[in-house]
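>>> quick one, fold the following:
(one chain, ligands or ions: 1)
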Amino acid sequence: MFDNLTDKLSKSIQKIRGQANLSEDNVKEALREVRVALLEADVALPVVKSFIEDVKTRALGKEVMTSLKPAQVMVKVVQEELIKVLGESTEGINFNAQPPVVILMAGLQGAGKTTTTGKLAKYLQERENKKVMVVSADVYRPAAIEQLQTVAEQVGATWFPSSVVDDPVTIGMTALQAAKKGYFDVLIVDTAGRLAVDDAMMKEIKSLQNTISPTETLFVVDAMTGQDAANTAKAFSDALDLTGVVLTKIDGDARGGAALSVKTITGKPIKFQGVGEKMEALEPFHPDRIASSILGMGDVLSLVEEVERKIDKKKAEKLAKKVATGNKFTLEDFQEQLLQMQNMGGMTSMLDKLPGMSNLPDMVKDQVNDKTTGRMLAVINSMTIKEKRYPQLIKGSRKRRIANGSGTTIQDVSKLLKQYTQMQKMMRKFKGKGMMKMMQKLGG
Ligand code: GDP
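You can find the predicted model right below:
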């Protein structure tokens with residue numbers, strides 16, 4: 001998402017950055033480009049208007065024009081205003097209420113409500129240590145109830161049975177009683193969506209909201225729907241007391257308009273983003289990080305968090321200890337490192353999050369692509385344990401055997417051995433300084 005917007009914005013911002021002094025004319029020129037970029041990204045018109053107005057007032061004001069580095073300050077202003085549009089701070093589920101905290105899911109059919117219900121249950125169980133029950137109040141589609149049952153089983157949440165002969169309000173009330181009785185921390189209520197906003201649907205979910213008094217009413221919206229997302233958001237927020245928004249399918253090629261419009265239109269924060277079809281593909285929404293990534297500054301913080309979460313701490317510590325005590329860094333250790341790298345989604349997904357990487361030539365990207373890691377691992381896998389521990393044994397005929405066994409070439413094997421030697425040298429350099437220092441160094 002945002003690729004196009006990032007391209008356009010980076011260009012107009014680079015132009016400004018290149019100037020020592022700003023004049024009213026070139027600020028206006030830059031803002032014209034920003035406006036076009038936002039409109040092309042499908043941001044709702046009222047949001048574009050107020051955004052440009054706010055940036056303009058600040059850009060032509062004292063703050064920017066009289067500063068020592070007006071161009072840099074202008075960039076900062078654009079970034080700050082983007083953050084404002086996206087929602088200032090990261091907000092999670094409100095747990096200040098008496099448990100069970102009830103979360104009502106609202107949105108159009110196909111927006112991703114049922115999927116998000118499963119993802120959210122998983123997220124709250126694993127990250128917030130909550131006991132979660134889910135129930136479907138979609139009495140129009142038996143398949144929807146079954147779908148929720150399937151995702152609940154998948155994530156290990158308790159599924160409260162409901163059926164199409166019940167009415168949604170009764171389902172909500174009985175599930176709530178059961179959640180109280182079972183000492184659940186959270187009850188997530190999935191609801192029926194329609195293809196478009198209609199009165200009957202709104203009435204139904206409104207009466208559900210009135211009777212079960214949820215702590216959270218989350219509006220689930222498909223980021224791919226662009227301008228339509230803004231209209232739907234308006235209708236739902238007029239009819240219901242929303243507490244937050246979940247933006248789904250941002251892994252698709254959405255232009256970003258929904259993300260930039262929905263907070264201003266509903267006045268409610270985007271709390272989570274759906275980044276894929278799998279149950280783990282739900283992330284907290286970080287306005288500041290998204291703003292930076294829109295401006296082509298990369299999402300380094302998310303990357304660091306991802307690394308911390310996905311890395312196997314025990315294995316990393318073992319390796320760190322080895323390095324610290326000066327024990328030999330073997331090919332087995334190297335293999336372990338490569339495997340960890342693969343676990344983190346491979347280099348390509350990591351590169352995407354680094355600043356400026358979108359401008360990296362494809363040739364460079366190809367050199368660190370995930371195929372290379374796979375090939376390196378294949379080579380190591382074809383070695384005997386002895387060879388892994390004493391790589392100096394690997395000469396002519398052993399090289400040929402390893403190449404044949406791994407479906408690579410002798411050159412590949414030699415290349416891997418060279419990379420291993422380089423890594424070993426680096427490890428020696430860091431010996432005694434500890435792994436953490438090295439990680440810090442790598443993280444810049
Ligand atoms: P509902 O009708 O609102 O309950 O929508 P569903 O939960 O059934 O989702 C509709 C479709 O969107 C399904 O095929 C989901 O797998 C897909 N989907 C939901 N969230 C995401 C997401 O974040 N990314 C992607 N790529 N697909 C999603």
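>>> residues touching the residue nearest to residue 17 when sequence neighbours are not counted, list them.
Distance criterion Cβ to Cβ, 6 or more residues apart in numbering; nearest residue to residue 17, sequence neighbours excluded, is residue 71 at 5.1 Å. Every C-beta, even on glycine, is put in place using the N, C-alpha and C of the backbone. Applying Cβ atoms under 8 Å, 6 or more residues apart in numbering, we find residue 71 in contact with 16-20, 22.
>>> okay, now the residue of the stretch 251-400 of the chain found nearest the ligand: neighbour count?
Relative to the ligand, the nearest point of the stretch 251-400 of the chain is residue 274 (2.6 Å; Cβ to the nearest ligand atom). By other Cβ atoms under 10 Å, 25 other residues sit near residue 274.
>>> ramachandran coordinates for it?
The phi and psi values for residue 274, taken as degrees, to the nearest 10, are phi -90, psi 130.
>>> ok, it touching residue 115?
Yes. At 7.1 Å, residue 274 counts as touching residue 115 under the criterion of Cβ atoms under 8 Å.
>>> shared neighbours of the two, anything?
Common neighbours of residue 274 and residue 115 (Cβ under 8 Å, 6+ apart) are residue 248.
>>> residue 122 belongs to a helix?
Yes. Counting by DSSP: H, G, I helix; E, B strand; the rest coil, residue 122 is located in a helix.
>>> could you find the closest non-adjacent residue to it?
residue 155 (3.9 Å).
>>> pretty sure that neighbour contacts residue 121?
Yes. In this structure, residue 155 is within contact of residue 121 by Cβ under 8 Å, at 5.3 Å.
>>> which SS state does the closest residue to residue 196 other than its chain neighbours fall under?
Of all residues not flanking residue 196 in the chain, residue 108 sits nearest, at 7.1 Å (Cβ to Cβ, 6+ apart). Three-state call for residue 108 (three-state DSSP): coil.
>>> got a list of what residue 108 touches?
193-197, 221-222, 232.
>>> most surrounded residue in the residues you listed?
Going by other Cβ under 10 Å, residue 221 tops those with 31 neighbours.
>>> just checking, that one touches residue 261?
No. With contact defined as Cβ under 8 Å, residue 221 does not reach residue 261; the gap is 10.0 Å.
>>> shared neighbours of these two, anything?
By the contact definition Cβ under 8 Å, 6+ apart, residue 221 and residue 261 are jointly contacted by 229, 233.
>>> show me what from this structure comes close to the ligand.
Neighbours of the ligand within the chain, by Cβ under 6 Å from any ligand atom: 107, 109-115, 193, 248-249, 251-252, 274-277, 281.
>>> show me those residues that map onto helices.
Applying DSSP state H to the residues of the chain next to the ligand, the entries found in helices are 113-115.
>>> from those residues, pick the one nearest residue 1.
residue 115 (17.7 Å; Cβ to Cβ).
>>> run a quick neighbour tally on the closest one.
Residue 115: 23 surrounding residues under other Cβ under 10 Å.
>>> again with residue 246
25.
>>> contact partners for it?
Taking Cβ under 8 Å, 6+ apart, one finds 112, 116, 120, 218-221, 270-274 in contact with residue 246.
>>> what of residue 269?
87-89, 91, 244-245, 263, 285.
>>> buried only: go through the residues you listed for me.
87, 91, 244-245, 263, 285 (16 or more other Cβ atoms under 10 Å).
>>> can you list those in TSV and add secondary structure?
Shown next, in TSV, are these (three-state DSSP):
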residue	secondary structure
87	coil
91	coil
244	strand
245	strand
263	helix
285	coil
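>>> break this protein into its domains for me.
Domain assignment for the chain, taken from automatic domain parsing, gives 3-86, 101-295, 304-443.
>>> report all helices and strands that whichever strand or helix holds residue 211 contacts.
Element membership for residue 211, per DSSP states H and E: helix 199-212. Secondary-structure packing of helix 199-212 (3 or more Cβ pairs under 8 Å, 6 or more residues apart in numbering; DSSP states H and E): strand 101-106, helix 168-181, helix 227-239.
>>> save those as a markdown table, and put in distance to residue 338 too.
Shown next, in a markdown table, are the helices and strands packed on helix 199-212 (distance: least, Cβ to Cβ, whole Å):
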| stretch | distance to residue 338 |
| --- | --- |
| strand 101-106 | 41 |
| helix 168-181 | 45 |
| helix 227-239 | 41 |
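>>> what residues does the helix holding residue 211 touch?
102, 104, 106, 137, 168-169, 172-173, 176, 189, 191-194, 217, 235-236, 239-241.
>>> buried residues in it?
201-202, 204-205, 208-209, 212.
>>> and the helix or strand hosting residue 418, which residues are buried?
Assigned by DSSP H and E, residue 418 belongs to helix 410-430. Across helix 410-430, burial judged by 16+ other Cβ under 10 Å covers 412-413, 415-417, 420, 424, 427, 430.
>>> what helices or strands is that helix leaning on?
Going by 3+ Cβ pairs under 8 Å, 6+ apart, helix 410-430 lies up against helix 331-343, helix 370-381, helix 396-406.
>>> show me the shaky parts of the stretch 51-200 of the chain.
Scanning the stretch 51-200 of the chain for pLDDT under 70 picks out no residues.
>>> need the strands for it, in chain order.
Ranges of strands in the stretch 51-200 of the chain, per DSSP state E, counting those that start in this stretch, are 101-106, 132-136, 158-160, 186-190.
>>> who touches the third one?
What that stands for is strand 158-160. By Cβ under 8 Å, 6+ apart, the list of residues contacting strand 158-160 reads 131-135, 148-149, 152-153, 174-175, 178-179, 182, 184, 187.
>>> can you check the second one too?
Under the criterion Cβ under 8 Å, 6+ apart, residues 100, 114, 117-118, 121, 124-125, 144-145, 148-149, 152, 157-160, 162, 171-172, 175, 178-179, 182, 184-190 lie in contact with strand 132-136.
>>> ranges for the strands of the stretch 251-400 of the chain?
Going by DSSP E, counting those that start in this stretch, the stretch 251-400 of the chain shows strands at 270-274, 282-284.
>>> re the thing from before, deepest-packed of the strands of the stretch 51-200 of the chain, please.
strand 186-190 (a mean of 29; mean count of other Cβ atoms under 10 Å).
>>> mind listing the residues bridging to the spatially most central residue of the chain?
Centroid-nearest residue in the chain: residue 283, 5.0 Å away (criterion: Cα atoms, centre = their mean). According to DSSP bridges, the residues that bridge with residue 283 are residue 273.
>>> test my guess that it contacts residue 270.
No. Between residue 283 and residue 270 there is no contact under Cβ under 8 Å: 11.0 Å.
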